[in-house]
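Colleague: Please find the sequence and the predicted model below.
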Amino acid sequence: QPVSAILEAAEEHRADVIGMSGLLVKSTVIMKENLQELNSRDLAARYPVILGGAALTRAYVEQDLHEIYDGEVRYARDAFEGLRLMDALIAVKRGVPGAKLPELKQRRVRTTPTPTPAPAPAGSTERGRSDVATDNPVPAPPFWGTRIVKGIPLKEYASWLDEDALFKGQWGLKQTRSGDGPTYADLVETEGRPRLRGLLDRLQTDNLLEAAVVHGYFRCVSKDEDLILLDDNGSELTRFTFPRQQRGRRLCLADFFRPEESGQTDVVGLQVVTVGSRIGEETAKLFAADSYRDYLELHGLSVQLAEALAEYWHARVRAELGIAGGDPEALQAMLRTEYQGCRYSLGYPACPDLEDRAKIAALLRPERIGVHLSEEFQLHPEQSTDAIVLHHPEAGYFNAGGRP
Ligand code: B12
């Protein structure tokens, strides 16, 4: 939402407080700009602001943003802290005696000196690439270029659903703090699974999902931190530049591909998956009707199904590449990525640059399955996700941001 739309809505509904949610790292910058905009419109005294979402931290909001905002701004870890803050803010506004806002997070003073980085382990050079093997076999893909698959039946990918991510992360099932109520396992049996079954049936009967995939295999080589994708004639199609860890193994995604100087080429998979736009229309209806619980359940399920579809497709790709032999039996082990290769989504720590999504979109042309990349580098419909698929046996998740 642009800040002007937020302010118009605040005006129209005579809001006491403005809340904003930042899911993407980029949204942290936007929150800051929005607060500056409130300052410049002289609205800071009028609107206290509550901020939340995966991209934000308490320290960023209550120290950095608090410093620049002329009004009150607080961080809410979850919706419940949001409610507690609302109670306090309204009590202050009404002049309830003794009412005050919770203390701001204090800036921590460092008492110990910054630890010196651990020496690089044997095998990895002080500068340059990591010790990732370059003599692993390169599998042969079934085709080069891109393919589209539409109308994937729900039953094919529903079994890849991460139930814990759905029940805990999206639906908020958890044991009460006092511990005397039902356990998480009880709640899964009595609430989670029955609701899930009901919703999956509904998705099926009302035909609300339109799962589709566009994927491709490309020849490639690496050069330092770059992954270079090649066309049939060996000319450069596109190039990704990935960050390298500054300590430890000094990993970089490019290291998992044959280096250019080896004279060999490697293969990389790219994919974009979506569960379609109909589900978004359905959840929007529930939201508009104030059916928030139903909205949360259906929306939460739909985003986890997008993730399940991505995981399912990655398994298909492993099978196509002939590297699925080591796939574990149990879904839990599968979700812990105990298989050969790894699926990296742009925006995650090993490949944080969201702008690279445009390179994937240019090669895969996901508009052929109804998916578009916005100027903010978000895929629409929302329930879509892209990935770079690696076959290297050593490939796994790592953080290249230099953060501990
Ligand atoms: C589920 C999920 C998805 C789903 C659905 C996303 C969606 N639109 O809902 C799918 C699989 C589709 C997805 C895709 C992507 N994702 Co994603 N995803 C997540 C994940 C695991 C959970 C998000 C979620 O739904 N949480 C559940 C909700 C209920 O929790 P919440 O948003 O945190 O909100 C709670 C609190 O924070 C608080 N709160 C939040 N806001 C506010 C506001 C106020 C006022 C208050 C009071 C409280 C409050 O209250 C809520 C309830 O407690 C997060 C990681 C994480 N742990 O958060 C990554 C994450 C958001 N995704 C990320 C990324 C990178 C992506 C992709 C770009 C990957 C890709 N290349 O395809 C795509 C983008 C999708 C697109 N359309 O372009 C990154 C974003 C970081 C960045 N670089 O910007 C994250 C943070 C993961 C990470 N650690 O890097 N993703």
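Modeller: That came in fine, so what should we check first?

Colleague: which SSE is the closest residue to Leu230 other than its chain neighbours in?
Modeller: Excluding the flanking residues, the one nearest Leu230 by CB to CB, 6 or more residues apart in numbering is Arg219, at 4.4 Å. In this view, the C-beta of every residue, glycine as well, is placed from N, C-alpha and C. Using DSSP states H and E, the element containing Arg219 is strand 212-223.

Colleague: So which bits of that strand are buried?
Modeller: Across strand 212-223, burial judged by 16 or more other CB atoms under 10 Å covers 212-222.

Colleague: got TSV for the residues you listed, with distance to the ligand and pLDDT too?
Modeller: Formatted as TSV, those follow (distance: CB to the nearest ligand atom, whole Å; pLDDT from 0 to 100):
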residue	distance to the ligand	pLDDT
Ala212	14	98
Val213	13	98
Val214	13	98
His215	13	98
Gly216	16	97
Tyr217	19	98
Phe218	17	98
Arg219	23	98
Cys220	19	98
Val221	23	98
Ser222	21	97
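
Colleague: quick one: the closest residue to Ile30 other than its chain neighbours and Gly169, what's the gap?
Modeller: Leaving aside its sequence neighbours, Ile30 sits nearest to Gly22 (CB to CB, 6+ apart; 7.3 Å). Computed as CB to CB, to the nearest Å, the Gly22 to Gly169 distance reads 17 Å.

Colleague: Looking at the two, which is more packed in?
Modeller: Set side by side, Gly22 and Gly169 show more neighbours around Gly22, with 20 against 13, by other CB atoms under 10 Å.

Colleague: Test my guess that the more buried one contacts Tyr60.
Modeller: No: taking contacts as CB atoms under 8 Å, Gly22 lies outside contact range of Tyr60: 9.6 Å.

Colleague: Next up, the contacts around Gln170.
Modeller: 296-297, 299-301, 303-304 (CB atoms under 8 Å, 6 or more residues apart in numbering).

Colleague: I'd like these laid out as TSV, including neighbour count.
Modeller: TSV is the format used below for the contacts of Gln170 (neighbours: other CB atoms under 10 Å):
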residue	neighbour count
Leu296	16
Glu297	20
His299	21
Gly300	19
Leu301	26
Val303	21
Gln304	23
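
Colleague: Identify, from those, the entry nearest to the ligand.
Modeller: Val303 (3.3 Å; CB to the nearest ligand atom).

Colleague: can you pull the pLDDT of the closest one?
Modeller: pLDDT, Val303: 97.

Colleague: same thing with Ile228?
Modeller: 98.

Colleague: and the residue lying closest to Ala45 once chain neighbours are set aside, how many residues sit next to it?
Modeller: Distances taken as CB to CB, 6+ apart place Gly71 nearest to Ala45, at 5.7 Å, with adjacent residues excluded. Using other CB under 10 Å, Gly71 has 16 neighbouring residues.

Colleague: domain parsing for this protein?
Modeller: Domain ranges of the chain: 3-93, 145-154+210-286+306-390, per automatic domain parsing.

Colleague: Of the ones you listed, flag the one that's most buried.
Modeller: domain 145-154+210-286+306-390 (a mean of 18; mean count of other CB atoms under 10 Å).

Colleague: Quick check: end-to-end length of that one?
Modeller: 16 Å (CA to CA, to the nearest Å).

Colleague: close to the ligand, is the longest helix seen in the chain?
Modeller: Counting residues, the longest helix found in the chain (DSSP state H) is helix 292-321. Yes: against the ligand, helix 292-321 shows contacts by CB under 6 Å from any ligand atom at 303, 306-307.

Colleague: thinking again about what came up before, now the strand holding Arg219 - C-alpha only, CSV.
Modeller: Presented in CSV, the C-alpha positions along strand 212-223 are these (Å, rounded to 0.1, in the frame of the first residue of the first chain):
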residue,chain,number,x,y,z
ALA,A,212,1.1,-24.5,-12.8
VAL,A,213,4.8,-24.6,-13.3
VAL,A,214,7.3,-23.2,-15.8
HIS,A,215,10.7,-24.7,-15.5
GLY,A,216,13.9,-25.1,-17.5
TYR,A,217,17.4,-26.5,-17.7
PHE,A,218,20.3,-24.3,-18.8
ARG,A,219,23.9,-24.9,-19.6
CYS,A,220,26.1,-22.9,-17.3
VAL,A,221,29.6,-22.3,-15.9
SER,A,222,30.9,-20.3,-13.0
LYS,A,223,33.5,-17.6,-12.8
